[in-house]
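S.K.: Give me the fold of what follows.
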Amino acid sequence: MKKILKLSLVLVVILLAMNTHATGIKSSKTEVASTKKMVTFALNDVNKADVSIYDSNNKLMYTERVYTLNLNPLKSETKIVKKYDLNPLADGVYYLVAESKTKVVKYEILVVNETATIMSDPYSVEYKTVAVK
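M.R.: As a prediction, this is how the structure comes out:
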């Protein structure tokens, strides 16, 4: 009986440590990174989003609906990560717009020479009204 109790206690400590480590990575801020004219865009705590890229004249250049890849049904944490190739775009200012159920976030992308950079702070954030039943 003591052996089962000790093993159960060890198992609980290990599971708590794993859970703490997993939730320690969770961040509500959007992460951005870029290499050459490749841009990686990540959204946390979102299951589905519409991502669009506009030029400085507000002309739609690209759009797609992206989904999370949550293979573990026991975890409610979600994250969408997408990589975009901006090589076909001319130098200039572009906007990446991510629209989810609750908000629309717009980021400025600078394409200069052989690099593309997403500004770390959102250009604008609009929250949607959500009806609760």
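S.K.: and K48, how many residues sit next to it?
M.R.: Residues lying near K48 (other CB atoms under 10 Å) number 14. Every C-beta, even on glycine, is put in place using the N, C-alpha and C of the backbone.
S.K.: out of everything not next to it in sequence, what's closest to it?
M.R.: Y67 (5.3 Å; CB to CB, 6 or more residues apart in numbering).
S.K.: And that neighbour, how close does it get to D45?
M.R.: To D45, Y67 is 14 Å away according to CB to CB, to the nearest Å.
S.K.: Could I get the pLDDT score of the residue nearest to K48?
M.R.: At Y67, the pLDDT value in this model is 81.
S.K.: Who are the contact partners of it?
M.R.: Contact analysis of Y67 by CB atoms under 8 Å, 6 or more residues apart in numbering lists N47, K48, I80.
S.K.: Would you map the helices across the protein?
M.R.: Assigned by DSSP state H, the chain shows helices spanning 2-25.
S.K.: Report the beta-bridge partners for L110.
M.R.: Beta-bridge partners for L110, by DSSP bridges, are V93, T117.
S.K.: ok, now which ones touch it?
M.R.: Per CB under 8 Å, 6+ apart, neighbours of L110: V93, A116, T117, M119.
S.K.: hmm, back to that, filter the contacts of Y67 down to the ones in strands?
M.R.: Cross-referencing those against strands under DSSP state E gives K48, I80.
S.K.: Pipe the contacts of Y67 into a markdown table and attach pLDDT per row.
M.R.: Shown next, in a markdown table, are those (pLDDT from 0 to 100):
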| residue | pLDDT |
| --- | --- |
| N47 | 79 |
| K48 | 84 |
| I80 | 80 |
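S.K.: Any chance of TSV for the contacts of Y67, columns distance to L110?
M.R.: Converted to TSV, those look like this (distance: CB to CB, whole Å):
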residue	distance to L110
N47	30
K48	28
I80	23
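S.K.: just the contacts of Y67 now: which is nearest K128?
M.R.: Nearest to K128 out of the contacts of Y67 is K48 (CB to CB; 13.8 Å).
S.K.: follow-up on the earlier one: which one (most neighbours) among the contacts of L110?
M.R.: Most surrounded of the contacts of L110: other CB under 10 Å gives A116, at 22 neighbours.
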